[in-house]
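S.K.: mind looking at a prediction? Sequence and model below.
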Amino acid sequence: SMDNTCSFLKYMDRLHTGPGWACEMTDMEGDIMAKDGTLSHKLLELWWHDPIECVQELMGNPAFRDAMTYVHAQACIHRCEQ
């Protein structure tokens, strides 16, 4: 059990964090007209994880070792000849 907030936060800092977060700012156009007749815009934060890092983290996690299966498959694309 945690005695206070400080000990809880120290405990949390010791936990494994997994893949890092990335943030991109993106300008989104809305569907509401501004007073000058143009569509409104809003700058938004887009937070995301790299999906490859997420899969690597899951596949490398020993807690999931017995619950995971992998089947090798080959995908081919045939080109049409004219």
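M.R.: In hand now; what should we look at?
S.K.: tell me the bridge partners for the most centrally placed residue in the chain.
M.R.: Nearest to the geometric centre of the chain sits residue 49, at 2.6 Å (CA atoms, centre = their mean). Note on residue 49: beta-bridge partners by DSSP bridges are residue 21.
S.K.: buried residues, the lowest-mean-pLDDT helix or strand in the chain. List them.
M.R.: When the helices and strands of the chain are scored by mean pLDDT, DSSP states H and E, helix 5-14 comes last with a mean of 88. Buried positions in helix 5-14, judged by neighbour count with 16 or more other CB atoms under 10 Å: none. C-beta: built from backbone N, CA, C; applies to glycine.
S.K.: residues in contact with it?
M.R.: residue 2 (CB atoms under 8 Å, 6 or more residues apart in numbering).
S.K.: where do the strands sit along this protein?
M.R.: According to DSSP state E, the chain carries its strands in the segments 21-33, 39-49.
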